[in-house]
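[1] After the sequence you'll find the predicted model.
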Amino acid sequence: MRKILYLLLFGIVFSCQGDYGEPDTQRLVVEAWIDKGGFPMAFVTRSIPVTSEYQSIDDLGQYLERWAKVTIDNGSQQDVMVGRLNRHYYPPFYYTTSFMRGETGKTYHLHVETQDGLTADATTTLQDGDVAIDSFWVTPVATSDTLYQLHAQLDMSVCNSQYYKLFAQTNTELQTTVSTMLGTFSLDMIEQGHIIINQGRTNVNKDYITSFSVNDTVHVRIAALTEEQYDYWRNFEDALSLSRNPLFPATNNLPGNVRDGIGYWFAYNARSYDIVIRKLADR
């Protein structure tokens, strides 16, 4: 039975060689979230089938959905989100609204509809929970004078969830934080709240390293996860790793919560931090 890989523009890369594909029924790919106290963000694209026939993927912009109607409803308020073109995000087009923020205990329904009739729906609830980082520090990379590994200590008096997800961004031109390598964890996977923060990576970042350079400004975002969200991001990391290994290609869709589509719509308790990487002698 022929299997289809679907590219999520945020992070999943192809596991096959070359640009191949064949026409197939497209599905909406939704990557959306709402943080406690924050506005919703929704990136809407279309799926890309990867098979044995040639299909150019040089211009991924053709898969962006710029004319969708994206509606958010929290049970007492409904609002149509506005599409915005912003080159500081990846992908550079998203939907949002400034008339609704994330509130603990609220359930948020997202409905996406395109002009040609494709639809997708998802529901998420902002659970009670919190997360905080007490401190950051760096250790030198043995093979370099300018690279450092970033560490952090969770504030265990605040963190009351079992699962967590790290996002990071060092490119000051981009405002998107992306999934970090090995950045999805449960408390029983770490020792006394100590975590290592690796670089985030997008598809356009070819020269990827996990460590950070001197004078990098690192934007770190950490989110407390539900079990459903944890399962999604663990599978995301597995797919990202396997897609670079020709012996173990990723051929299954991620376990998202988007009905009639692919992807996720998650409500998070999250916090963000900005850290400047300095030489140890300068600290």
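    Perfect, thanks for sending it. Everything quoted here is computed from the prediction, not taken from an experiment.
[2] is it true that Y232 lies in a helix?
    Yes: counting by DSSP: H, G, I helix; E, B strand; the rest coil, Y232 is part of a helix.
[3] For it, report the pLDDT, please.
    In this model, Y232 is scored at 96, pLDDT.
[4] and if you look at M1?
    Reading off the model, M1 has pLDDT 34.
[5] now swap in A152 and tell me
    pLDDT, A152: 98.
[6] first to last residue in stretch 239-254, what's the distance?
    Using Cα to Cα, to the nearest Å, one end of stretch 239-254 lies 8 Å from the other.
[7] wait, I meant stretch 76-89
    30 Å.
[8] what is the mean pLDDT for it?
    95.
[9] can you check stretch 27-34 too?
    On average, stretch 27-34 scores 96.
[10] try stretch 114-132
    Mean predicted confidence for stretch 114-132 is 96.
[11] Check stretch 164-176 too.
    84.
[12] got the buried residues for it?
    Buried residues in stretch 164-176, counted by 16 or more other Cβ atoms under 10 Å: 164-171, 174, 176. Where you see a C-beta, it was placed from the backbone N, CA and C, and this is true even at glycine.
[13] where exactly do the strands run in the stretch 101-250 of the chain?
    Under the criterion DSSP state E, counting those that start in this stretch, the stretch 101-250 of the chain contains strands at 107-113, 119-125, 133-140, 147-154, 163-169, 178-186, 194-197, 212-213, 217-225.
[14] Sheet-wise, list the partners of the fifth one with their directions.
    Just to be clear, that refers to strand 163-169. Under the criterion DSSP bridges, strand 163-169 sits next to strand 178-186 (antiparallel), strand 217-225 (antiparallel) in its sheet.
[15] coming back round to it: could you point out the member of the buried residues of stretch 164-176 that lies closest to P255?
    K165 (14.8 Å; Cβ to Cβ).
[16] Enumerate every residue touching the closest one.
    179, 183-184, 222-223, 225, 229-230, 233 (Cβ atoms under 8 Å, 6 or more residues apart in numbering).
[17] CSV please, covering the strands of the stretch 101-250 of the chain and showing distance to D73.
    Shown next, in CSV, are these (distance: least, Cβ to Cβ, whole Å):
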stretch, distance to D73
strand 107-113, 5
strand 119-125, 9
strand 133-140, 33
strand 147-154, 34
strand 163-169, 25
strand 178-186, 27
strand 194-197, 35
strand 212-213, 40
strand 217-225, 22
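[18] which one of those lies closest to A32?
    strand 107-113 (6.0 Å).
[19] Check the offset of that closest one from the chain's centre.
    Put simply, strand 107-113 sits 18 Å off its chain's centre (Cα atoms, centre = their mean, to the nearest Å).
[20] Convert the C-alpha atoms of it to CSV, please.
    Presented in CSV, the C-alpha positions along strand 107-113 are these (Å, rounded to 0.1, in the frame of the first residue of the first chain):
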residue,chain,number,x,y,z
THR,A,107,-11.8,25.5,25.9
TYR,A,108,-11.0,26.9,22.4
HIS,A,109,-12.4,25.6,19.2
LEU,A,110,-10.6,26.4,15.9
HIS,A,111,-12.4,26.1,12.5
VAL,A,112,-10.6,26.5,9.2
GLU,A,113,-12.3,26.7,5.9
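[21] Give the buried residues for that strand.
    Applying 16+ other Cβ under 10 Å to strand 107-113 flags 108, 110-112 as buried.
[22] Quickly name whichever of these is closest to G200.
    For those, the nearest to G200 is L110 (24.0 Å; Cβ to Cβ).
[23] How much space separates the closest one from Q26?
    Distance of L110 to Q26, computed by Cβ to Cβ, to the nearest Å: 19 Å.
[24] ditto for I195
    In terms of Cβ to Cβ, I195 sits 38 Å off from Q26.
[25] Give me the more crowded residue out of the two.
    Neighbours per residue, other Cβ atoms under 10 Å: of I195 and Q26, the larger number sits with I195, 20 against 17.
[26] Grab the longest strand from this structure for me.
    strand 261-276 (DSSP state E).
[27] who does that strand touch, helix- and strand-wise?
    strand 28-35, strand 107-113, strand 119-125, strand 133-140, strand 217-225, helix 227-242 (3 or more Cβ pairs under 8 Å, 6 or more residues apart in numbering; DSSP states H and E).
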